[in-house]
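>>> build me a model from this:
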Amino acid sequence: MNTVFESLEQFFQYTAFANMTVQHIIMIFIGILFIYLAIKKDWEPLLLIPIGFGMIIGNIPFVPGLNIGIYEEGSVMNILYQGVQTGWYPPLIFLGIGAMTDFSALISQPRLMLIGAAAQIGIFGAYIIALHMGFTPAEAGAIGIIGGADGPTAIFLSSRLAPHQMGAIAVSAYSYMALVPVIQRPIMLMLTTKKERLIRMAPPRQVSQKEKIIFPIVGFILTAMIVPSGMPLLGMLFFGNLLKESGVTKRLAETARGPLIDVVTILIGITVGCSTQADEFLTGDSIKIFLLGLISFVIATICGVAFVKFMNLFCREGRKINPLIGNAGVSAVPDAARVSQNVGREFDKNNHLLMHAMAPNVAGVIGSAVAAGILLSFLG
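The predicted model follows:
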């Protein structure tokens, strides 16, 4: 009889119930919250559902040595996590983004590229604040990139500069990508007047197929020459776009923007979620990272909108830019551009800003990759 009870007791020691802590329960509830927000509020469901479920998986406690945890060398989850740790998931995501992105708005209105560049100030602003909060330069650089609202870039940079902070940085970046409409709208309204919100912009010119083919080639050469360290992201982004625009590689383009990016999104979401094990994730630094990520994102949005207002000082009537597209300078494509459109239509239902907002939005994608390359050059 004692043997039976001893066996049952030994079995119980291997269950999650025996190893559960309050921290594990908190992280499991956060994972459930992510799933709820994705389903109920439709906030980036393709990201939040894999991350949320990954949080639940990663916070089911177990006895060390079973070779099942994401941080246990050789386990299945650890092998899948190598794509995050070594940074080869993000370039594949960028390949898919390039294959689904239309750069026509940017090609037809190149001046709007400056808005995307201005929004990257948020990255460097948060970097300076993080240094003053006690983070090392490398950690500060990885945290600052959250302001670009670009999860893959945040993972790529943090895997090289601050791998020990990667879980918090990645979850923070994807969380703020999902919260784009919530965070940006009040900032846009605060910084603009009613007259500015009613500005109508002339339709962009028609872009030829030849221009669309030349752009990714020239764009890559110029950006890679300036920031060679950003080449893995920039190369895949522009290559994916060339597959789309060349007209002769439709199968490759469809694979890149369809099955490939879907598979990698699932893997990156579930493994990033799993990496938030309570003992590794619930720390004071994680809370600081979430706060700094928000600050970075807010600064980026403010700089984008404020820079448009500055540009308008030098634009004649009829050429002025609606400041509501300034928020789209962050690289959350196409959500930030949709926010520009939706806020603009609140004040003028016939004012269509989406086509214009896509220009700084795709410029923000390029800008965040360039900013990551700059930080990697100095801090890597």
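>>> which residues of the chain score low on pLDDT?
The model of the chain has pLDDT under 70 over residues 1-2, 4-7, 9, 11-12, 380.
>>> measure I266 to P50 for me?
I266 sits 6 Å away from P50, going by Cβ to Cβ, to the nearest Å. Glycine gets a C-beta too; all of them are placed from N, C-alpha and C.
>>> try Q184
Taking Cβ to Cβ, one finds Q184 at 24 Å from P50.
>>> so if I had to pick from those two, which one is more boxed in?
The neighbour comparison of Q184 against P50 (other Cβ atoms under 10 Å) goes to Q184, with 29 against 24.
>>> for the more buried one, helix, strand, or coil?
helix (DSSP: H, G, I helix; E, B strand; the rest coil).
>>> which ones are touching the closest residue to it other than its chain neighbours?
Take Q184 and drop its neighbours on the chain: the residue closest to it by Cβ to Cβ, 6 or more residues apart in numbering is N327, 4.6 Å away. Applying Cβ atoms under 8 Å, 6 or more residues apart in numbering, we find N327 in contact with 184, 187-188, 301, 304-305, 336, 339-340.
>>> likewise I289?
By Cβ under 8 Å, 6+ apart, I289 lies in contact with 143, 146, 165, 168-169, 172.
>>> on the three-state scheme, it is what?
helix.
>>> nearest spatial neighbour of P204, skipping sequence neighbours?
Leaving aside its sequence neighbours, P204 sits nearest to S108 (Cβ to Cβ, 6+ apart; 3.9 Å).
>>> quick one: the one you found and P203 touch, right?
No. Contact criterion Cβ atoms under 8 Å: S108 and P203 do not qualify, at 9.2 Å.
>>> among those two, which residue is more densely surrounded?
Looking at S108 and P203 with other Cβ under 10 Å, you find the greater number of neighbours at S108, namely 17 against 10.
>>> tell me who's in contact with N342.
N342 makes contact with P181 under the criterion Cβ under 8 Å, 6+ apart.
>>> please identify the helix or strand for it.
Applying DSSP states H and E as the criterion places N342 in helix 335-347.
>>> how about that helix: buried residues?
Across helix 335-347, burial judged by 16 or more other Cβ atoms under 10 Å covers 335-341, 343-344.
>>> circling back to that earlier point, from the contacts of I289, which is closest to I68?
When the contacts of I289 are compared for distance to I68 (Cβ to Cβ), A168 wins out at 22.5 Å.
>>> got the contact list for the closest one?
A168 neighbours (Cβ under 8 Å, 6+ apart): 276, 281, 283, 285-286, 289-290.
>>> likewise for I199?
Per Cβ under 8 Å, 6+ apart, neighbours of I199: 320-323.
>>> neighbour-wise, which one of the contacts of I289 leads?
Using other Cβ under 10 Å as the neighbour test, the contacts of I289 are led by I143, with 36 neighbours.
>>> okay, and it sits in which element?
For I143, the enclosing helix or strand under DSSP H and E is helix 137-144.
>>> the residue nearest to Q184 and V365, how far apart?
For N327, the distance to V365 - Cβ to Cβ - is 15 Å.
>>> next: G284.
Distance of G284 to V365, given as Cβ to Cβ: 32 Å.
>>> so which of the contacts of I199 comes closest to T271?
Closest approach between the contacts of I199 and T271, by Cβ to Cβ: P323, at 38.9 Å.
>>> nearest residue to that closest one in space, please, no chain neighbours.
The nearest residue in space to P323 (Cβ to Cβ, 6+ apart) is V308, at 4.3 Å.
>>> do R319 as well
Nearest to R319 is A202, by Cβ to Cβ, 6+ apart, at 7.7 Å.
>>> so V207: helix, strand or coil?
Secondary structure for V207, judged by three-state DSSP, is coil.
>>> quick one, phi/psi of it?
With angles defined as degrees, to the nearest 10, V207 sits at phi -100, psi 130.
>>> any idea how far L106 is from it?
9 Å.
>>> out of these two, which sits in the more crowded spot?
Neighbours of V207 and L106, each counted by other Cβ under 10 Å, are more numerous for L106; the result is 25 against 17.
>>> hmm, that one is touching V362, no?
Yes. Using Cβ under 8 Å, L106 makes contact with V362 at a distance of 5.4 Å.
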